[in-house]
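Visitor: Sequence and predicted model, in that order:
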Amino acid sequence: MAALRLPDAADADLAAIESCLESAWAEHGLARATLESYRRDLAGAARWCATQRQRLIDAGRSDLYGLLAWRSEQRYSPRSTARLLSALRMFYAERIRRGERADDPVALLDSPRLPRSLPKALAEGQIEALLATPDIAATEGLRDRAMLELMYACGLRVSELVDLPATAINLRQGVSRVRGKGNKERLVPLGEEAQHWLEKYLQEARPKLAGRRTLEALFLTAKGEPLTRQAFWTLVKRYAALAGIDPARVSPHALRHSFATHLLNHGADLRALQMLLGHSALSTTQIYTLVAREQLKSLHARHHPRG
């Protein structure tokens, strides 16, 4: 992992943060994005402590109260503060485990209450319109159609989609091997439509994008480079606008939410959905039952004579 640069922070803090992140990666298999978020949070906390002539490894509860008060004044979101507290709990637990501290200064600090936000899923008609938007006569349009179909058919995270190697797709068996959070693998059925468009992309478009090079990534740019998350985000927004859908309501993750919600609406088992989404805990998957319930209530209110 890349070394931290903490100007104005003690070298001891830097070393302790690196040690904590290494342990978290080795023992818990935390995802790279999660580790990087914790890295930024702990680095920021260490820099703030340095402004108070204090070291993060020695900070007490009153110091951390001061840090939280400062973040509140700076209008940090409750969600980012909750993540910071998670990082600090991990950090001080590591210090205690190593015998470098006897107390946990975060023990009595409560995480901020987060507003409950339901995942935003598109209607099935909107999904159909979105999927039909790319110009499949063009090389990149065929690629985009295959990406959108795969994203919706498998409920992938955007990072999982752009990181897919070409070898992860088994058209004969009709499955995709997906590597998700914590480096965990899962097999996800492709479905007939996604399988059809992937086959066309692999036969007609990808060879043109790859040229004579042997490339690992499944989805490539016009320059033969792996497509990035940001590039796919931009594509989704553009196709949403072309499909007559408010781009503000659409993101790559909205396709994943739509996948889960539509499966539940059509009678899918919650445990099966958990496996397809790659959720560690069933409680994470259960949020989609609330989405489905809200949609049913809305449907009843619109169409029932006494709604």
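Guide: Cool, the structure landed.
Visitor: ok, now how distant is A82 from S111?
Guide: According to Cβ to Cβ, to the nearest Å, A82 and S111 sit 5 Å apart. For the C-beta atoms, the positions are set from N, CA and C on the backbone; glycine is no exception.
Visitor: typo on my end, it should be A129
Guide: 40 Å.
Visitor: Which parts of this structure belong to which domain?
Guide: 11-97, 124-303 (automatic domain parsing).
Visitor: Can you get me a residue count around the nearest residue to E199 once chain neighbours are set aside?
Guide: Residue nearest to E199 in three dimensions, not counting chain neighbours: L171, with 5.7 Å by Cβ to Cβ, 6 or more residues apart in numbering. Counted by other Cβ atoms under 10 Å, the residues lying close to L171 total 13.
Visitor: what does D58 give?
Guide: Residues lying near D58 (other Cβ under 10 Å) number 15.
Visitor: Ok, A123 next?
Guide: Per other Cβ under 10 Å, the neighbour tally for A123 reads 13.
Visitor: tell me the secondary structure for E22?
Guide: Going by DSSP: H, G, I helix; E, B strand; the rest coil, the secondary structure assigned to E22 is helix.
Visitor: Could you measure from it over to L30?
Guide: In terms of Cβ to Cβ, E22 sits 11 Å off from L30.
Visitor: from memory L164 sits against G180, does it?
Guide: No - the criterion here is Cβ atoms under 8 Å, and L164 misses it with G180 at 11.2 Å.
Visitor: Which one's more surrounded, those two?
Guide: Using other Cβ under 10 Å, the more surrounded residue of L164 and G180 is L164, with 23 against 19.
Visitor: residues contacting the residue lying closest to the more buried one once chain neighbours are set aside?
Guide: Leaving aside its chain neighbours, L164 sits nearest to L218 (4.4 Å; criterion: Cβ to Cβ, 6+ apart). With contact set as Cβ atoms under 8 Å, 6 or more residues apart in numbering, L218 has these partners: L164, P165, A166, A168, I169, R206.
Visitor: Got phi/psi on L218?
Guide: Here is the backbone geometry of L218 (degrees, to the nearest 10): phi -70, psi -50.
Visitor: ok so, going back, can you flag the buried ones in the contacts of L218?
Guide: Applying 16 or more other Cβ atoms under 10 Å to these, the neighbour count classes L164, A168, I169, R206 as buried.
Visitor: State the helix or strand in which the last one lies.
Guide: Assigned by DSSP states H and E, R206 belongs to helix 206-210.
Visitor: Mind checking what helix or strand follows that helix in sequence?
Guide: Where DSSP H and E defines the elements, the next helix or strand beyond helix 206-210 is helix 229-242.
Visitor: list the helices and strands that next one packs on?
Guide: Packing partners of helix 229-242 (3 or more Cβ pairs under 8 Å, 6 or more residues apart in numbering; DSSP states H and E): helix 139-154, helix 158-162, helix 252-265.
Visitor: out of the ones you listed, nearest to R213?
Guide: helix 139-154 (15.5 Å; Cβ to Cβ).
Visitor: Pull the closest one out as CSV, backbone CA atoms only.
Guide: Extracted C-alpha coordinates of helix 139-154, given in CSV (Å, rounded to 0.1, in the frame of the first residue of the first chain):
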residue,chain,number,x,y,z
THR,A,139,-18.7,-0.5,-32.1
GLU,A,140,-18.8,1.5,-28.9
GLY,A,141,-22.6,1.5,-28.9
LEU,A,142,-22.6,-2.3,-29.0
ARG,A,143,-20.2,-2.3,-26.1
ASP,A,144,-22.4,0.0,-24.1
ARG,A,145,-25.5,-2.1,-24.8
ALA,A,146,-23.6,-5.2,-23.5
MET,A,147,-22.5,-3.3,-20.4
LEU,A,148,-25.9,-2.0,-19.6
GLU,A,149,-27.5,-5.4,-20.1
LEU,A,150,-24.9,-7.1,-18.0
MET,A,151,-25.2,-4.5,-15.2
TYR,A,152,-29.0,-4.9,-15.0
ALA,A,153,-29.0,-8.7,-15.6
CYS,A,154,-26.5,-9.4,-12.8
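Visitor: Show me what it is packed up against.
Guide: Counting contacts by 3+ Cβ pairs under 8 Å, 6+ apart, helix 139-154 packs against helix 124-131, helix 158-162, strand 175-179, strand 185-189, helix 192-200, helix 206-210, helix 229-242, helix 252-265.
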